[in-house]
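Chemist: Here is my input, please return the structure:
(chains A and B)
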2 protein chains.
Amino acid sequence: MALIVQKFGGTSVANPERIKNVARRVAKYRAQGDQVVVVVSAMSGVTDGLIKLAKDITALPSEREMDMLLATGEQQTIALAAIALHALGLQAVSLTGAQAGIVTDGVHTKAKIRNITPKQVHSLLDAGNVVIVAGFQGQTSEGQITTLGRGGSDLTAIALAAALKADLCQIYTDVDGVYTADPRLVPGAKKLSEIAYDEMLELAGSGAKVMQLRSVEFAKKFNVIFEVRSSLNDNPGTIVKEETNSMEDVVVRGVSLDKNQAKITLFSVPDQPGRAARIFRALSDAAINVDMIVQNVSHDGGVRATDLSFTVDKPDLLKASTVIEGLKAEVGFKESVADEQIGKLSIVGVGMRSHSGVAAKMFDVLAHEGVNIGMISTSEIKISVVIALAQGEQAMKALHEAFIE
Amino acid sequence: MALIVQKFGGTSVANPERIKNVARRVAKYRAQGDQVVVVVSAMSGVTDGLIKLAKDITALPSEREMDMLLATGEQQTIALAAIALHALGLQAVSLTGAQAGIVTDGVHTKAKIRNITPKQVHSLLDAGNVVIVAGFQGQTSEGQITTLGRGGSDLTAIALAAALKADLCQIYTDVDGVYTADPRLVPGAKKLSEIAYDEMLELAGSGAKVMQLRSVEFAKKFNVIFEVRSSLNDNPGTIVKEETNSMEDVVVRGVSLDKNQAKITLFSVPDQPGRAARIFRALSDAAINVDMIVQNVSHDGGVRATDLSFTVDKPDLLKASTVIEGLKAEVGFKESVADEQIGKLSIVGVGMRSHSGVAAKMFDVLAHEGVNIGMISTSEIKISVVIALAQGEQAMKALHEAFIE
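Modeler: Here you go, the predicted structure:
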């Protein structure tokens, strides 16, 4: 008998028929004698509909009231899921985030989980119930309803699995698991049976949109082993866990292409302390997320100067360019150039640490494909390059073939 | 400066535009310096939509889970109402029933309010907020979400007004107030400026569908003066309160016609102790509500026997007839006859107590109209008769003309 936490996202509970499917899946595990905690999101479309109602009233609704409003989406799903389980003859009880003991800080719309008191969940499980918990929500110690922000339901599931010391946490989604590359772009992409937290983090940060970073970070921190799998079939998914020695046998676990980045280059930035800090402080103050940063030393006449490049999310490009141009006089660079037509191509794998020559091989493959490299950035287990967007998919396929197939 | 509780029903908050209207009305009272507590229902259509989702899963969803599901409707409205008030520059905070301190018993889908701890509401009011409370819901002392059943939002408003010792409780609805008769049927019907609790109760129990009985009963019990008025205009409504001496000057406050009753007559019931009890126990066990009961003593040959008539809600008629036929042998009556084509016509007024001849005048008017009386039942402040449905509206107009115009 295992204790399993199962999380189902919005498309998996989009309507009564799909909620019944979820119930049938849960019933199978119960029939094996497992204890099951189910975490659900709002039915797909519900959250957007509620946001629209609020925006029809005012452009900038209060975050506290948005939490009050949006928390109803998950509350509806837990009740319907409990009803569907009852219809199969199972005992089931639904709990809001607050009732499940999920205590957060008071930062509305992006609250952080402070702690979980799973007493109620445990006693309901022990009494033979499936316990259905509303994802994405909690309450402050003062009783205010909060939501956890994007990817919040995954976080609820993983945090509950940690608090309950669950044997397994299953994240059901509309894909079969984590792939070596996006199967829509790379026909030879294969599903991974397992992946290390760090690899999953690097892949998620490189545009592979399976899960939000924060849920994976939380799982890594509390060592929660979880499985990403499909709610549409019974195929085993991908187990995400702490790396093992055998994982290092694989040099490259996956290849990802992020088409959502844009690049800004500042030419001839005077090479003096504080200039870079000034630039990135201004971007941060404007709430612009910077991903890659590359700086090369160059000589501009007699003055030592550098060229500085960085990437931002495409939708932030205009804002970032405006911020940068505003700093021209103060920072003293010569000109800035923005480029939207880029792709960030990454290879990820914990095996890189013990295998040399990975970067060399990557650059060889790209050179062979006639792909010019605009920026390079590396971590212990990832190498990312910025290339022309038009060559992105071709380059990804070549890397996948060279390293994985 | 007064403390006012204002309740808005589902049609008054049906969409963002109407919610903004509610906010503008609240803002007017705030501008006068009043403290305002707003109680809202779910947007019209929301509750029915949620019930449909549950029924699409199973015919008989658990009542605990229906409460979890339906409580989200009001929770959405409170958040949207707070957002609308913010947009007008007012401070406002929404509270679920639980957060507002509304503690109920554990009878899901028709919970009774046990007590209200309005500490949170008071301190938010004192800090300058409009406090918006979800109607229709509460929580048990163990933290289970409950709903109060039909008319529950009115009850929330009146119970909060009592707990807060509010100066005034306004029930906003889609009619202007309480009328002497249904204005759609009686052109001469007039809006009442005031009415006694008991009159309101008798009218509500006679088919005038302004409010549920239980809210009026609660108001009477805790002496909460409330006003029924329109959310569509600024006309003063009808004040409902304890009767005053001057109210007795009016003999008949209102005339009502209930077309939703049906009559069953049992002929020749042996006149022995326990027979009537047996009949009405069986009906009660089948959850059938009986309204009027009339019994006449008659002689059936040598045995003393009675004819017994009673009325039930029309939708219950078939079930009631089946129950009654099943008792035929045991109770020993000769036959039972059901009649759907009836109307229950009532005149109501606390003035009746001190004015004699009211019944005589009523029967005279009906006789003059050629209306035959099938059953008569009286209370201290009401006289009801059952007549042929086809004559109902004509008879109501005649009584209204004779007693009120």
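Chemist: Centre of the chain to the helix or strand harbouring A:Val228, how far?
Modeler: A:Val228 belongs to strand A:226-230 when assigned by DSSP states H and E. Counting by Cα atoms, centre = their mean, to the nearest Å, strand A:226-230 is centred 14 Å from the centre of its parent chain.
Chemist: Only alpha carbons, please: show it as CSV.
Modeler: Below are the C-alpha coordinates for strand A:226-230, written out as CSV (Å, rounded to 0.1, in the frame of the first residue of the first chain):
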residue,chain,number,x,y,z
PHE,A,226,7.7,12.8,-9.1
GLU,A,227,6.5,11.4,-12.4
VAL,A,228,5.3,13.5,-15.3
ARG,A,229,2.8,11.4,-17.3
SER,A,230,-0.3,11.6,-19.5
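Chemist: what's that strand packed up against?
Modeler: If contacts are counted by 3 or more Cβ pairs under 8 Å, 6 or more residues apart in numbering or on different chains; DSSP states H and E, strand A:226-230 sits against helix A:152-164, strand A:168-173, strand A:238-241. C-betas here are computed from N, CA, C, even on glycine.
Chemist: who does it pair up with?
Modeler: strand A:168-173 (parallel), strand A:238-241 (antiparallel) (DSSP bridges).
Chemist: returning to that earlier point: any chance of TSV for the helices and strands packed on strand A:226-230, columns mean neighbour count?
Modeler: TSV is the format used below for the helices and strands packed on strand A:226-230 (neighbours: other Cβ atoms under 10 Å in any protein chain shown):
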stretch	mean neighbour count
helix A:152-164	26
strand A:168-173	23
strand A:238-241	22
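Chemist: Out of the ones you listed, which is closest to A:Gly188?
Modeler: Between A:Gly188 and these, the shortest gap by Cβ to Cβ is with strand A:238-241, which sits at 17.1 Å.
Chemist: so what does the next helix or strand after the closest one touch, helix or strand wise?
Modeler: Where DSSP H and E defines the elements, the next helix or strand beyond strand A:238-241 is strand A:254-258. Contacts defined by 3+ Cβ pairs under 8 Å, 6+ apart place strand A:254-258 against helix A:197-204, strand A:342-348, helix A:392-403.
Chemist: pLDDT on the helix or strand containing A:Leu124, on average?
Modeler: Of the helices and strands defined by DSSP H and E, A:Leu124 is found in helix A:119-126. Mean pLDDT, computed over helix A:119-126, is 96.
Chemist: follow-up on the earlier one: now the strand holding A:Val228 against helix A:152-164, angle please.
Modeler: 140 degrees (axes from the mean of the first three to the mean of the last three Cα atoms, to 10 degrees).
Chemist: all helices for chain A, in order.
Modeler: In chain A, the helices defined using DSSP state H lie at A:16-31, A:46-57, A:63-87, A:119-126, A:152-164, A:197-204, A:213-221, A:275-285, A:317-326, A:358-368, A:392-403.
Chemist: ok, A:Ala134 to A:Gln99 distance?
Modeler: 9 Å (Cβ to Cβ, to the nearest Å).
Chemist: between those two, who's got more neighbours?
Modeler: Legend: neighbour count by other Cβ atoms under 10 Å in any protein chain shown for A:Ala134 and A:Gln99, higher for A:Ala134 (32 against 23).
Chemist: nearest spatial neighbour of that one, skipping sequence neighbours?
Modeler: Nearest residue to A:Ala134, sequence neighbours excluded (Cβ to Cβ, 6 or more residues apart in numbering or on different chains): A:Glu74, at 3.7 Å.
Chemist: Next, the contact list for that neighbour, please.
Modeler: A:40-42, A:96-97, A:134-137, A:153 (Cβ atoms under 8 Å, 6 or more residues apart in numbering or on different chains).
Chemist: and A:Val175, how many residues sit next to it?
Modeler: 18.
Chemist: The helix holding A:Leu124: which residues count as buried?
Modeler: A:120-122, A:124-125 (16 or more other Cβ atoms under 10 Å in any protein chain shown).
Chemist: Equivalent analysis for stretch A:230-247, please.
Modeler: In terms of neighbour count (16+ other Cβ under 10 Å), stretch A:230-247 has its buried residues at A:230-231, A:237-241, A:243, A:247.
Chemist: and of these, the nearest to chain B?
Modeler: A:Ser231 (17.2 Å; Cβ to the nearest Cβ).
Chemist: Please name whichever of the strands paired with strand A:226-230 is nearest to B:Ser377.
Modeler: Per Cβ to Cβ, nearest to B:Ser377 of these: strand A:168-173, 61.4 Å.
Chemist: could I get the buried residues of stretch A:230-247 as CSV with pLDDT?
Modeler: Below are the buried residues of stretch A:230-247 laid out as CSV (pLDDT from 0 to 100):
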residue, pLDDT
A:Ser230, 92
A:Ser231, 90
A:Gly237, 94
A:Thr238, 95
A:Ile239, 95
A:Val240, 95
A:Lys241, 95
A:Glu243, 90
A:Met247, 86
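Chemist: A:Arg275 against A:Lys328, yeah?
Modeler: No - in this structure, A:Arg275 is not within contact of A:Lys328 by Cβ atoms under 8 Å, at 11.9 Å.
Chemist: ok, the two, which is more surrounded?
Modeler: Taking other Cβ under 10 Å, A:Arg275 and A:Lys328 do not tie; A:Arg275 has more neighbours (19 against 13).
Chemist: Show me which residues of the stretch 301-405 of chain A are close to chain B?
Modeler: The stretch 301-405 of chain A comes close to chain B at no residue, as judged by Cβ under 8 Å from any Cβ of the partner chain.
Chemist: Now the stretch 301-405 of chain A against chain B: closest residue?
Modeler: In the stretch 301-405 of chain A, the residue that lies nearest chain B is A:Pro315 (25.4 Å; Cβ to the nearest Cβ).
Chemist: Equivalent analysis for the stretch 101-250 of chain A, please.
Modeler: Using Cβ to the nearest Cβ, the closest approach of the stretch 101-250 of chain A to chain B is made by A:Gly143 at 6.2 Å.
Chemist: wait, what's in contact with that residue?
Modeler: A:98, B:99.
Chemist: Over to the one 5 residues further on?
Modeler: When contacts are counted by Cβ under 8 Å, 6+ apart, A:Leu148 touches A:104, A:110-113, A:136-138, A:155-156.
Chemist: Excluding covalently adjacent residues, which one is nearest to the residue nearest the centre of chain A?
Modeler: Centroid-nearest residue in chain A: A:Gln212, 1.7 Å away (criterion: Cα atoms, centre = their mean). Sequence neighbours aside, A:Gly151 is the residue nearest to A:Gln212 in space, at 2.8 Å (criterion: Cβ to Cβ, 6+ apart).
Chemist: now do A:Met352
Modeler: Computed as Cβ to Cβ, 6+ apart, the closest residue to A:Met352 that is not its neighbour in sequence is A:Val358, at 5.0 Å.
Chemist: repeat for A:Asn289
Modeler: That would be A:Asp313: by Cβ to Cβ, 6+ apart, it lies 6.1 Å from A:Asn289.
Chemist: Could I get the pLDDT score of A:Ser206?
Modeler: 68.
Chemist: Relative to A:Ile225, how far out is A:Val216?
Modeler: Counting by Cβ to Cβ - A:Val216 and A:Ile225 are separated by 12 Å.
Chemist: Between the two, which contacts overlap?
Modeler: A:Val240.
Chemist: Quick check: residues of the stretch 51-200 of chain A near chain B?
Modeler: So the stretch 51-200 of chain A meets chain B at A:53-54, A:56-58, A:61-62, A:64-66, A:68-69, A:71-73, A:75-76, A:78-80, A:82-84, A:86-87, A:93-94, A:96, A:99, A:143, A:145 (Cβ under 8 Å from any Cβ).
Chemist: Any idea how many residues pack against the residue nearest to A:Gln212?
Modeler: Residues near A:Gly151, counting by other Cβ under 10 Å: 18.
Chemist: quick one on the thing from earlier: pLDDT at the residue nearest to A:Ala134, what is it?
Modeler: 98.
Chemist: Quick one: mean pLDDT over stretch A:151-168.
Modeler: Stretch A:151-168 comes out with an average pLDDT of 95.
Chemist: typo on my end, it should be stretch A:50-65
Modeler: Mean predicted lDDT for stretch A:50-65 stands at 96.
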